[in-house]
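Trainee: After the sequence you'll find the predicted model.
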4 protein chains.
Amino acid sequence: MSHNTFGHLFRVTTWGESHGPAIGCVVDGCPPLVPLTEADLQPWLDRRKPGGSRFVTQRQESDTARILSGVFEDGNGPVTTGAPIAIQIENEDARSKDYGEIARAFRPGHADFTYQAKYGVRDHRGGGRSSARETAVRVAAGAVARKVLGEGVRIRAGVVQLGPHRIAPGAVDLDAVYDNALFAASAEVVPAWEDYLDGVRKAGSSIGAVVALEVTGVPAGWGAPVYGKLDADLAAALMSINAVKGVEIGAGFASAELSGEDNADQMRIGDDGLPVFLSNHAGGVLGGISTGQPLTARVAFKPTSSILTPRQTITRDGAETDLRTKGRHDPCVALRGVPVVEAMAACVLADAMLRHRAQVG
Amino acid sequence: MSHNTFGHLFRVTTWGESHGPAIGCVVDGCPPLVPLTEADLQPWLDRRKPGGSRFVTQRQESDTARILSGVFEDGNGPVTTGAPIAIQIENEDARSKDYGEIARAFRPGHADFTYQAKYGVRDHRGGGRSSARETAVRVAAGAVARKVLGEGVRIRAGVVQLGPHRIAPGAVDLDAVYDNALFAASAEVVPAWEDYLDGVRKAGSSIGAVVALEVTGVPAGWGAPVYGKLDADLAAALMSINAVKGVEIGAGFASAELSGEDNADQMRIGDDGLPVFLSNHAGGVLGGISTGQPLTARVAFKPTSSILTPRQTITRDGAETDLRTKGRHDPCVALRGVPVVEAMAACVLADAMLRHRAQVG
Amino acid sequence: MSHNTFGHLFRVTTWGESHGPAIGCVVDGCPPLVPLTEADLQPWLDRRKPGGSRFVTQRQESDTARILSGVFEDGNGPVTTGAPIAIQIENEDARSKDYGEIARAFRPGHADFTYQAKYGVRDHRGGGRSSARETAVRVAAGAVARKVLGEGVRIRAGVVQLGPHRIAPGAVDLDAVYDNALFAASAEVVPAWEDYLDGVRKAGSSIGAVVALEVTGVPAGWGAPVYGKLDADLAAALMSINAVKGVEIGAGFASAELSGEDNADQMRIGDDGLPVFLSNHAGGVLGGISTGQPLTARVAFKPTSSILTPRQTITRDGAETDLRTKGRHDPCVALRGVPVVEAMAACVLADAMLRHRAQVG
Amino acid sequence: MSHNTFGHLFRVTTWGESHGPAIGCVVDGCPPLVPLTEADLQPWLDRRKPGGSRFVTQRQESDTARILSGVFEDGNGPVTTGAPIAIQIENEDARSKDYGEIARAFRPGHADFTYQAKYGVRDHRGGGRSSARETAVRVAAGAVARKVLGEGVRIRAGVVQLGPHRIAPGAVDLDAVYDNALFAASAEVVPAWEDYLDGVRKAGSSIGAVVALEVTGVPAGWGAPVYGKLDADLAAALMSINAVKGVEIGAGFASAELSGEDNADQMRIGDDGLPVFLSNHAGGVLGGISTGQPLTARVAFKPTSSILTPRQTITRDGAETDLRTKGRHDPCVALRGVPVVEAMAACVLADAMLRHRAQVG
């Protein structure tokens, strides 16, 4: 990861601002002969796209992805050619006038201040480059990564904690996530969570959340020691998502309270003669290399910074002021973060697969 | 980060196994004319070196670092020349016979299994490349990074939770850390923690812990958007340390329960005309770029996998067995992880400083 | 350089095929506050664009570059923001039907065969990714690089040899290059060269050429030892241009015949107290680092592979056949390669400038 | 390539100065289970080592390479483990007193001036980092690369031009190279060349040369389009060798005079049903991807800058002076450059092999 490029061999470069003409990415290093059309991207984009419920921003974007290169139809349907795949999404509903005030003042808790401090200039319209809008193209890239990984690798995420409300570990059901507007990993919590989030929304406030990730089908051996660790790559990828403040793998922070006996995932030989682990505190990674067990992680999202409640801040010119952010915002950015978490995991794993194949064959 | 190299401009490549003749690193991209001698490295290495108390491994290593290149004495004391700095530490007390059993069987919770699964071969002696011994050279590289950063950037870490025992946030004192054998961020907890860890040690067990990190003196503007985020780089660097299972920045997982109003670090203009933040939930990073506030993070370490209590496992040949790990081990790897956390933060920041200078001047 | 990305800090990623909907690039790592509009790109693109004379392909492309991100107007004209700059050029005159035959057979001397051998699929339309059309976006990126370098760095190239016809070293005039349709570095040779190239063109043949490059205004100190050498980066950048088969720096291959005395560029102190070199066999680079003298290089281009004269080849299915390439081609690809050579030099130097600033400040 | 690291997947980082305690490299990304001992390195190092004849520097170095990591003996002889391989060579015969004068004055044609200009400090002893001594570890790394490539890939180089004396293309015999002290690619020229080079040496002068490279056994498909071109990587690798001023692939600069008909390497189907090329002007690379034909290149070396004949130069303090370089130098650096050219080709190809395997499998 550096600049606006992610990955070593499966590489994604993203570009675009919230209120510019378009956003996009270039997916480079994709193996050839992978069947790929725009229809492979759209379902994932639809999951993340705004305007779908009262719990997400009311900005109306179709998020229609267009593939401009790297795919060729040669008799058996469109396939990747090994050349870079450029993907582009038009910005259709940018209302920059909503943001006049944040041109002058910095939203507390937002990147407005740091972009200005670093670059001496910032595209304030809708947050410019720092907007969560950028994550749409990550989802598109993730859809390509899923095709590279194949159907054996199953990547699912969902909200397991909304503010103070948690789903008990035993009740987490990642198959329920896309059946409710809250991306909640349990159908049962939805009514209560909807009431809760309605309250947050109507109060002009916002709230944080925790997203759980689980990937099955990763064979033992992906990743590498020291600075090529699969969990380090995953941590960086997830921490790079807007509003993420924490990442844990497997037992995570809870492992600080575990004894060596309890933490050790004991091993047996299964009926098929293959290694079986009796638990998964490791979250599927030991020494930076996948164990063959499900890869599990949890990601903490902070609450949206753009809120209607006035907050103390300063202006670009160094004056003190109060700011309440109008415009259209998500009361909980973590919700639409769910498909982004999945997409980043897909990109990390596609990259790890290619790197493993390179070294070990 | 990839392979065994860390960093983009300030780059550290490490090599060496626990029981090989030596371990070492190459620090490349260091600015010239930085005063540097072996005496600048040793104090930091001494903090991490084994054998210092009954709470760490009894392996006896002087961890004497030798600089083999990249430094030149030209009349005003030795300075860096801009050429790569090779640093080497001999392995003095490797007792490979202690490890005969783990040549055959995989320690549950350890990288033994995954290295074998990936590479089809592993240097089992003392854990080989996966041993925490590798972190000694990270500490040496971190010492170089500190010299590059200068004294204005102050990097401190300490244990704030040992198993179930926590230091209250208000009681954390990072200046106390190197005055006690537990690297505890509070002098007061030491007696009780020593009793507790003695019990763990005598039981042939081990325990996890949480290390807090705080860096002051980082100016606003370091880091970059999207895939160059300072917190993403820090997360990867910290997650790459042996036994780390979780990383959080600022309020971290607690931010999932915060409202937008509470999370927003409000801003005022200080007496000196500069921006002042009224809180630091962000942990000193917004949008991936430093705010000028202290950089704060917390790191979860799992317990040592090498324990005396027998655990169920399998052998390299696919047979079931029980394994108790003899040899000399840390009952809590997090303790000696404290200087490693500091070193990785130093390397991340030196790299961020150079990258910022490149783009913005 | 790797995949489709060039540069370490000033990074250019290109995408697109000859007959796809568009081609484009993402310029990442550009410093902020550099004034930039589409009007800064177009003059350089106009120099390379096809259809301008009978000596270049008759494909009609306006090569209008559109900037989609990374530039913001904030009161003092559009400037770069430090965010990635996406540039896009529509393909307007793609006639894929001209290429039916090369879908089946490989043009000898062309990448048709190797793309198919590597990927098992190729976008044959107009050469797909291997077409010189890709170089248009390199020229756009080079225009951004020129803005980063500023007007003190002057980059000029021109044809100094067309087939067997050479311009004597003393007669090379790089200011004449864009005043003639042959990009010749001398006005005097133009009539004779036009006659010669008309003959080549009418014979359905093609011819190679040599392009000279000269850059003035590069200060001493850019580049770095061993694997960061300025001349090594330049060699890779120039060799990456379609049809290039040789690169030499300064005296180049002629230096094989020089004695140490003749090759050594002796030094004196100039009237301004600064170092002066009495010659420039080094071509402005010693030990991989710029000397402050003009950077000089020469680049050999092979003749266009797409010719009307039938050549023996094989088909995708392994049958022998003869192929004459219809379609619209440059009789000498080196001509329009001149602005590409300049652009690549600009990108190498912008990258070197930022890398130098990072390490040395 | 950047800093002191070469390669993307098969990565070599070198360190060390001419008169420091040692030089070394870290070879990272090597596949596991490759049989490797120090005895695999030494024969290649012996070819490059100094002191072997009157035509090379009289410095006496055994160039004994020691492997410090990354190799493990597990019952079937030592094999690579996938971990980084640290290789180290002691400097045994460094006589820094020979170089007192070049501490103050810059050798014309040498990197003395540019290192000082860039870094404000330089290790002048024996040329420090800019010394050709650094290439010893490249040869060691190249030996590892050869093991990765296997015996099917045969890499040979030799001197084909010494000053004004050329070996006719038809007379080039790369099997003769290591049977004569001049690394000449023809036994016949040796007596005359020895006389010639004796004259150069006795005159206190030096001379340039051209080295030819040929690699057989590379399958079609290695390399990649645009910025991953095999020939661009090779050009960078060869240009990064000390004293190299030019690189050409296949017909190289001669292709500037070729017509499209003559340059096109026509194709037929061989008796085995596989593609056959009727010529190899391409030098085994089309569109940046290997064709399956021999990879051919030529490399121009300038004469040694360190000569006994006095030359005009300036001192570090800005005074004019004359300098004659005492000490022990090669009258023609290209000779010992031959194994270095081979080594760099081996590293480029090992890297290309792994990258190809990653993307295409």
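Mentor: Sure, I can see it. Numbers count the residues shown, from 1 in each chain, chains lettered A, B, ... in the order given.

Trainee: So residue A:352 versus chain B, what's the distance?
Mentor: 11 Å (C-beta to the nearest C-beta, to the nearest Å). Quick note: C-beta positions are derived from backbone N, CA and C, even for glycine.

Trainee: how much space between that residue and chain D?
Mentor: The gap separating residue A:352 from chain D is 11 Å, by C-beta to the nearest C-beta.

Trainee: quick check, distance from stretch A:137-157 to the centre of its chain.
Mentor: 12 Å (C-alpha atoms, centre = their mean, to the nearest Å).

Trainee: Export it to PDB, keeping only CA atoms.
Mentor: Only the C-alpha atoms of stretch A:137-157 are listed here, as PDB (Å, rounded to 0.1, in the frame of the first residue of the first chain):
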ATOM      1  CA  VAL A 137     -14.500   1.700  -6.500                       C
ATOM      2  CA  ARG A 138     -13.000  -0.500  -3.800                       C
ATOM      3  CA  VAL A 139     -16.100  -2.500  -4.000                       C
ATOM      4  CA  ALA A 140     -15.800  -2.800  -7.800                       C
ATOM      5  CA  ALA A 141     -12.200  -3.900  -7.400                       C
ATOM      6  CA  GLY A 142     -13.300  -6.400  -4.700                       C
ATOM      7  CA  ALA A 143     -15.700  -7.900  -7.200                       C
ATOM      8  CA  VAL A 144     -12.800  -8.500  -9.600                       C
ATOM      9  CA  ALA A 145     -10.800 -10.000  -6.800                       C
ATOM     10  CA  ARG A 146     -13.700 -12.400  -5.900                       C
ATOM     11  CA  LYS A 147     -13.600 -13.700  -9.500                       C
ATOM     12  CA  VAL A 148      -9.900 -14.300  -9.200                       C
ATOM     13  CA  LEU A 149     -10.300 -16.100  -6.000                       C
ATOM     14  CA  GLY A 150     -13.100 -18.300  -7.300                       C
ATOM     15  CA  GLU A 151     -16.200 -19.500  -5.500                       C
ATOM     16  CA  GLY A 152     -14.300 -21.700  -3.100                       C
ATOM     17  CA  VAL A 153     -13.300 -18.600  -1.100                       C
ATOM     18  CA  ARG A 154     -16.400 -17.200   0.600                       C
ATOM     19  CA  ILE A 155     -16.100 -13.700   2.100                       C
ATOM     20  CA  ARG A 156     -18.900 -12.400   4.400                       C
ATOM     21  CA  ALA A 157     -19.200  -9.500   6.800                       C
END
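
Trainee: Residue A:25 belongs to a strand?
Mentor: Yes. Counting by DSSP: H, G, I helix; E, B strand; the rest coil, one finds residue A:25 located in a strand.

Trainee: So it sits against residue A:137, correct?
Mentor: Yes. Taking contacts as C-beta atoms under 8 Å, residue A:25 lies within contact range of residue A:137: 4.1 Å.

Trainee: Which one of the two is surrounded by more residues?
Mentor: residue A:25 (33 against 28; other C-beta atoms under 10 Å in any protein chain shown).

Trainee: For the more buried one, which residues are in contact?
Mentor: Shown in contact with residue A:25 (C-beta atoms under 8 Å, 6 or more residues apart in numbering or on different chains): A:12, A:13, A:14, A:15, A:86, A:87, A:137, A:138, A:140, A:141.

Trainee: list residues touching both of residue A:25 and residue A:137?
Mentor: A:14, A:87.

Trainee: Would you mind giving both backbone torsions of residue A:328?
Mentor: Backbone torsions for residue A:328, taken as degrees, to the nearest 10, come to phi -110, psi 120.

Trainee: So what's the residue count around it?
Mentor: 16.

Trainee: Now residue A:38. Its backbone dihedrals?
Mentor: Dihedral angles for residue A:38 - degrees, to the nearest 10 - are phi -60, psi -30.

Trainee: got a list of what it touches?
Mentor: Per C-beta under 8 Å, 6+ apart, neighbours of residue A:38: A:64, A:65, A:66, A:67.

Trainee: Which member of the residues you listed is positioned nearest chain B?
Mentor: Ranked by distance to chain B (C-beta to the nearest C-beta), the contacts of residue A:38 are led by residue A:65 at 18.4 Å.

Trainee: Quick check: closest non-adjacent residue to that closest one.
Mentor: Nearest in space to residue A:65, with sequence neighbours left out and distances taken as C-beta to C-beta, 6 or more residues apart in numbering or on different chains, is residue A:41 at 4.5 Å.

Trainee: my read: residue A:304 touches residue A:329, true?
Mentor: Yes. Contact status for residue A:304 versus residue A:329: in contact at 5.4 Å, counting by C-beta under 8 Å.

Trainee: Mind listing the shared neighbours of those two?
Mentor: Counting by C-beta under 8 Å, 6+ apart, the residues touching both residue A:304 and residue A:329 are residue A:206.

Trainee: So for the two, which residue has more residues nearby?
Mentor: Here residue A:304 and residue A:329 are compared on neighbour count by other C-beta under 10 Å; more neighbours surround residue A:304, at 29 against 24.

Trainee: Can I take it that that one is in a strand?
Mentor: No. Checked against three-state DSSP, residue A:304 lies outside a strand; its state is coil.

Trainee: who are the neighbours in contact with it?
Mentor: A:206, A:243, A:329, A:330, A:331, A:332, A:333, B:260.

Trainee: wait, which of those is closest to residue D:292?
Mentor: residue A:243 (51.4 Å; C-beta to C-beta).

Trainee: What's the separation between the closest one and chain C?
Mentor: 19 Å.

Trainee: For burial, what's the neighbour tally of that residue?
Mentor: Neighbours of residue A:243 (other C-beta under 10 Å): 25.

Trainee: what do you get for residue A:66?
Mentor: 16.

Trainee: One more: residue A:120?
Mentor: Residue A:120 - counted by other C-beta under 10 Å - has 15 other residues nearby.

Trainee: That one touches residue C:32, doesn't it?
Mentor: Yes. Assessed by C-beta under 8 Å, residue A:120 is found in contact with residue C:32 at 6.0 Å.

Trainee: Overlap in contacts, those two.
Mentor: In terms of C-beta under 8 Å, 6+ apart, residue A:120 and residue C:32 are both contacted by the residues residue B:360.

Trainee: gap between residue A:294 and chain D?
Mentor: 25 Å.

Trainee: For beta bridges, what are the partners of the residue lying closest to that residue once chain neighbours are set aside?
Mentor: Nearest residue to residue A:294, sequence neighbours excluded (C-beta to C-beta, 6+ apart): residue A:216, at 4.9 Å. Counting by DSSP bridges, residue A:216 forms beta bridges with residue A:154.

Trainee: quick one, what contacts residue A:216?
Mentor: Residue A:216 is in contact with A:153, A:154, A:294, A:295, counting by C-beta under 8 Å, 6+ apart.

Trainee: how about the residue nearest to the first one when sequence neighbours are not counted, phi and psi?
Mentor: By that I understand residue A:153. Spatial nearest neighbour of residue A:153, excluding adjacent residues (C-beta to C-beta, 6+ apart): residue A:217 at 4.2 Å. Note on residue A:217: its backbone torsions stand at phi 90, psi 0 [degrees, to the nearest 10].

Trainee: Check residue A:129 too.
Mentor: Here residue A:129 shows phi and psi, under degrees, to the nearest 10, equal to phi -70, psi -20.

Trainee: and for the host helix or strand of residue A:114, what are the contacting residues?
Mentor: Under the criterion of DSSP states H and E, residue A:114 resides in helix A:112-119. Here helix A:112-119 makes contact (C-beta under 8 Å, 6+ apart) with A:102, A:105-106, A:122, A:124, A:127-130, A:316, B:220-225, B:267, B:275, B:285-292, B:356, B:360, C:32-33, C:81-82.

Trainee: among those, which ones are buried?
Mentor: Buried members of the contacts of helix A:112-119, scored by 16 or more other C-beta atoms under 10 Å in any protein chain shown, are A:102, A:105-106, A:122, A:124, A:127-130, B:220-225, B:267, B:275, B:285-292, B:356, B:360, C:32-33, C:81-82.
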